[in-house]
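> 3D model of this:
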Amino acid sequence: MAKRHYSALSQPALSMSELICKTLDHDATDMLIDKWLEHRNDAYWEWFQGVRERKHAANSLRRQVLVWNKGDFLPENIFCRTVDTGRLIPLDRTWSTHVYHHRSMQDRKLSMMPVVFTMLPELMMLRGMHDIGCDDVYIIVTDMKRQEMDDVTEYFKLVCRHAFGRTCKPSMENEIQYNHMRLSHTLLKQRRTPCFPQIDIAFRAILHEKRPPFIILFSHQTTSYSQILFTHPLFVPSEDIFFDFPSGCPNPCCNDDCEMIRFPRRGIEGAAVLSIKRGRRNGRKVRSREMCNWIDCNICFNEDVSQYAESSEGSQSSADSGDTSTNNGLVCSKCRLVKYCSPEHQKKDWEEHRRVCAKSASI
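From the prediction side, this is the model:
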């Protein structure tokens with residue numbers, strides 16, 4: 001097999017990367033969540049308390065929504081609407097984190113646990129927003145400072161817009177190669193690790209081979225913040241919910257300009273979104289679906305339907321509800337936050353749904 005050569009315009013493979021990949025599995029994530037709950041951060045605790053006091057709207061079947069109606073401050077009691085399937089699922093679903101870092105961190109025997117722990121609340125929210133394709137989270141660890149992170153983010157946005165999965169125009173080829181050379185020189189001069197070509201290889205290879213909903217560039221510089229790069233506007237957290245989400249900065253006087261973690265609080269306007277071409281060999285197109293809330297059901301409802309039938313007995317549907325058209329679905333008449341294809345699936349989901357089901361404030 002011929003050896004692949006790296007360039008700014010050719011598609012790299014993960015096998016070309018020299019970065020070390022450390023994977024923290026679901027059990028490690030569970031341990032970190034327990035530790036985070038044990039040493040509760042007041043800023044996040046107050047924010048979730050504020051979410052609990054905000055009553056959800058009855059017409060929020062198709063909108064992003066975060067609901068904590070019952071129980072203690074535990075992930076299994078806080079539910080989030082998924083952006084891909086429209087289900088309402090608890091935040092207790094874990095994930096595996098794949099952390100790519102320079103070999104010098106391994107030589108110094110530095111653990112990757114603090115990397116994940118630093119942004120655990122953000123990862124919990126992003127995982128909760130996705131029903132499919134978010135069992136694996138990808139993080140590239142760097143030591144870039146703020147302006148360098150901004151420049152690298154703009155570079156990847158430029159590459160994805162003009163060259164990722166599409167034919168690049170000659171004028172854009174020159175611009176991409178110029179910016180690649182400039183960033184490589186800047187990071188080399190500042191002795192950043194990993195070097196920019198290695199960051200570029202890992203980043204674009206993960207995009208191409210893994211097709212995640214987002215990738216995180218994590219900077220362990222104390223004066224910098226990290227960047228979450230989304231691969232589609234649909235995956236961006238809603239401003240209506242996260243407008244006051246804590247920044248992650250330990251400084252109580254911090255503002256938008258000093259965030260350590262760039263969790264977007266202004267929706268699309270404040271998010272880094274990559275323009276990824278999809279379809280055919282570039283993967284399936286992203287579309288928002290509305291599916292039965294029972295996790296093992298694959299029925300997708302007609303998105304053009306504006307009127308939904310209600311089940312006859314709130315969350316515990318009776319057999320009489322089965323006469324309602326499956327295409328429209330059965331809406332829980334108590335909370336009006338979830339839909340089911342049948343009374344049977346509504347009953348199967350009740351053990352989980354009962355932890356969030358409460359009468360809507362507008363009813």
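> bridged to the nearest residue to Val356 once chain neighbours are set aside, which residues?
Once flanking residues are discounted, Val356 sits nearest to Phe79: 4.4 Å by C-beta to C-beta, 6 or more residues apart in numbering. In this view, the C-beta of every residue, glycine as well, is placed from N, C-alpha and C. Listed beta-bridge partners, Phe79: Val67, Pro90 (assigned using DSSP bridges).
> run a quick neighbour tally on Phe79.
By the measure other C-beta atoms under 10 Å, the count of residues near Phe79 is 27.
> before we move on, what about Trp36?
Applying other C-beta under 10 Å, we find 16 other residues in the vicinity of Trp36.
> what's the one helix or strand Val115 maps to packed up against?
With secondary structure defined by DSSP states H and E, Val115 is part of helix 113-118. When contacts are defined as 3 or more C-beta pairs under 8 Å, 6 or more residues apart in numbering; DSSP states H and E, helix 113-118 packs onto helix 26-38, strand 96-101, strand 136-142.
> alpha carbons of the shortest one, as PDB, please.
The reference is to strand 96-101. Coordinates of each C-alpha in strand 96-101 appear next as PDB, following Å, rounded to 0.1, in the frame of the first residue of the first chain:
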ATOM      1  CA  SER A  96     -16.600   7.500  25.800                       C
ATOM      2  CA  THR A  97     -14.200  10.400  25.400                       C
ATOM      3  CA  HIS A  98     -11.300  10.100  23.000                       C
ATOM      4  CA  VAL A  99      -8.600  12.600  24.000                       C
ATOM      5  CA  TYR A 100      -5.800  13.300  21.400                       C
ATOM      6  CA  HIS A 101      -2.700  14.800  22.900                       C
END
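> partner strands of that strand, parallel or antiparallel?
Applying DSSP bridges, strand 96-101 is found paired with strand 20-24 (antiparallel), strand 136-142 (parallel).
> what would those strands look like in a markdown table with mean pLDDT and distance to Cys249?
Below are those laid out as a markdown table (pLDDT from 0 to 100; distance: least, C-beta to C-beta, whole Å):
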| stretch | mean pLDDT | distance to Cys249 |
| --- | --- | --- |
| strand 20-24 | 95 | 24 |
| strand 136-142 | 96 | 18 |
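> tell me the most buried of the ones you listed?
Comparing the strands paired with strand 96-101 by mean neighbour count (mean count of other C-beta atoms under 10 Å), strand 136-142 comes out on top with a mean of 22.
> how near is Val159 to Gln11?
Separation of Val159 from Gln11 (C-beta to C-beta, to the nearest Å): 11 Å.
> wait, Ser342
From Ser342 to Gln11 the distance is 45 Å (C-beta to C-beta).
> higher neighbour count, the two?
Each of Ser342 and Gln11 has its neighbours counted (other C-beta under 10 Å); Ser342 has more, 20 against 15.
> dihedrals phi and psi, the more buried one?
Per-residue torsions, Ser342: phi -160, psi 160 (degrees, to the nearest 10).
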